[in-house]
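Trainee: fold the stuff below for me.
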Amino acid sequence: MADLLSQLRRHSLIVADTGDFESIRAFQPRDATTNPSLLLKAAQMPEYGGLVEQVLGEARKPLVGGAERMRYALEALSVAFGCEILKIVPQRVSTEVDARLSFDTAATMECARRLIGRYAAAGIPRERVLIKIASTWEGIQAARELEREGVTCNLTLLFSFAQAVACADAGVTLISPFVGRILDWHRKATGRESYAAAEDPGVVSVTKIYQYYKKFGVATEVMGASFRNVGEILGLAGCDLLTISPALLGEMAKTEGVVERKLTMEAAKQSGLEKVFMDEKVFRWMMNEDAMATEKLAEGIRMFAADTVKLEAFLRPRLG
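Mentor: Below you'll find the predicted structure:
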C-alpha cells in the first residue's frame, strides 16, 4: 500500500508551506509559499546567515538611507529567499506584501511592484511569482489592478465565502483559505475539541468555495492552507492545491493508507449554490455577519505584522 502523500499527489498539487530550503528539497513540491512568520524563523537559522548578510550588505550601501533602509532590507530579504526557493521548486513561489499595508490599496500595489521588480532584476519571470496579499477589501482591489498589469496574486488570510467571491470577481490567480485557523475559532467558540474531517468547519468552508468556483467557471485556483492535522488535508483531497507544513508532509509520507478524492467537478455542478452579486457594501456586510472571519482576518494581519516588526528588530542591529 502506498503512503498518503504519494496518493494525495494524484488528486491535488502539493505546495510546501515553509521557508526552509532543506524541507523543500526533501518533499519536492511543485510550488512553495512563505509568510512573515516563516521568513522570521528562516532568517534566524544559522545556515541562512550568509544569505541574510548578503542582503544586509546591499542595504548598507549609501544609496539606501533613513527609513527606506529597513524597507529595502525586508523586501530584498523576501525576494532573496524566494529566488533560492525557485532554484528548488519547478514552478512558483509566493512572496508576501507587508501586512501593515493591508488596508491601503495604493501602498499594497506599490510594494507588489517593487517585489516583482526585484525578481525581474534577478532574472525571475513574473509568472513564477505570486504576490501574497491579505484578503481585505482594499487588498482584493489592489490585486484586481495588479492582475490587469500581469502580476499574479495569492490572496491570503481568507476565512469566508464573501472573501472568496470578491476574489473571484477580481480575477485573482489564487486564494489561500485558512482551514486550521477556522477550526481554531470554532473549537474556542463551542468548546468542542474533536471534529470528523467531513464536519470540520475549515474543510466545510473550503469545500463550499471550491464548489462555487467550479460550478460557475471561476478560473481562480483554490489552495487549502493552514492545516492542523492530516484529517483536514485528506478531507480536501481534490482541491486545486494544498499548502502543507513539513511536519504534516512528513507524517503523511510515513503513513500508509487509501486517499479518496473528496472534491470533484461533478459534485460542484450538482451543488445548490447560487451566483452571488458582490460589491463593497455586500462584502462588508457579509464580513460583519461572520464573526469568525472578521476576528481571524484581523488577528492574522496583527500576527503577520508583529512578526515583521520582530524581523525588523532582528535585522536592525545588523544593518548598522
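
Trainee: check what pLDDT Gly65 gets.
Mentor: Note on Gly65: pLDDT of 62.

Trainee: can you check Pro62 too?
Mentor: Reported pLDDT for Pro62: 67.

Trainee: my guess is Phe178 contacts Ser160, does it?
Mentor: No: at 10.3 Å, Phe178 does not count as touching Ser160 under the criterion of CB atoms under 8 Å. The way it works is simple: take the backbone N, C-alpha and C, and place the C-beta from them, glycine included.

Trainee: beta partners of the nearest residue to Leu86 once chain neighbours are set aside?
Mentor: Leaving out its chain neighbours, the residue that sits closest to Leu86 by CB to CB, 6 or more residues apart in numbering is Val93, at 5.4 Å. Here Val93 shows beta-bridge partners Ala32, Val129, assigned using DSSP bridges.

Trainee: can you pull the pLDDT of Val93?
Mentor: At Val93, pLDDT is 96.

Trainee: the helix or strand of the chain with the lowest mean pLDDT: what's the following helix or strand?
Mentor: The helix or strand of the chain with the poorest confidence is helix 36-43; it has a mean of 88 (mean pLDDT, DSSP states H and E). Downstream of helix 36-43, the next assigned helix or strand under DSSP states H and E is helix 49-59.

Trainee: how many neighbours does the closest residue to Asn229 other than its chain neighbours have?
Mentor: Excluding its sequence neighbours, the residue lying closest to Asn229 (CB to CB, 6+ apart) is Leu248, at 7.6 Å. Residues contacting Leu248 under the criterion other CB atoms under 10 Å number 20.

Trainee: doesn't Arg128 make contact with Thr152?
Mentor: No: checked against CB under 8 Å, the pair Thr152 and Arg128 is beyond contact range at 9.2 Å.

Trainee: identify the contacts common to these two.
Mentor: Contact criterion CB atoms under 8 Å, 6 or more residues apart in numbering; residues shared by Thr152 and Arg128: Arg92.

Trainee: now the closest residue to Leu236 other than its chain neighbours: phi and psi?
Mentor: Nearest non-adjacent residue to Leu236, counting by CB to CB, 6+ apart: Gly224, 4.7 Å away. Backbone torsions of Gly224, given as degrees, to the nearest 10, read phi -60, psi 140.

Trainee: so what sits opposite Gly224 in the bridge?
Mentor: The bridge-partner assignment for Gly224, based on DSSP bridges, gives Leu242.

Trainee: and it, how many residues sit next to it?
Mentor: 32.

Trainee: quick one: contacts for it?
Mentor: The neighbours of Gly224, taking CB under 8 Å, 6+ apart as the test, are 176-177, 179, 206, 232-233, 236, 239, 241-243.

Trainee: now those residues in TSV, with secondary structure, pLDDT and distance to Cys111?
Mentor: Compiled in TSV, the contacts of Gly224 are given as follows (DSSP: H, G, I helix; E, B strand; the rest coil; pLDDT from 0 to 100; distance: CB to CB, whole Å):
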residue	secondary structure	pLDDT	distance to Cys111
Ser176	strand	97	18
Pro177	strand	98	23
Val179	helix	98	27
Val206	helix	98	28
Glu232	helix	98	31
Ile233	helix	98	31
Leu236	coil	98	31
Cys239	coil	98	28
Leu241	strand	97	24
Leu242	strand	97	27
Thr243	strand	95	22
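
Trainee: for these, which one is nearest Asp17?
Mentor: Closest to Asp17 out of the contacts of Gly224 is Thr243 (4.4 Å), distances taken as CB to CB.

Trainee: thought the closest one was touching Met223?
Mentor: Yes: in this structure, Thr243 is within contact of Met223 by CB under 8 Å, at 5.6 Å.

Trainee: picking up where we left off before, okay, the contacts of Gly224 in JSON lines with distance to Met265 next?
Mentor: Formatted as JSON lines, the contacts of Gly224 follow (distance: CB to CB, whole Å):
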{"residue": "Ser176", "distance to Met265": "21"}
{"residue": "Pro177", "distance to Met265": "18"}
{"residue": "Val179", "distance to Met265": "21"}
{"residue": "Val206", "distance to Met265": "15"}
{"residue": "Glu232", "distance to Met265": "21"}
{"residue": "Ile233", "distance to Met265": "20"}
{"residue": "Leu236", "distance to Met265": "15"}
{"residue": "Cys239", "distance to Met265": "12"}
{"residue": "Leu241", "distance to Met265": "16"}
{"residue": "Leu242", "distance to Met265": "17"}
{"residue": "Thr243", "distance to Met265": "21"}
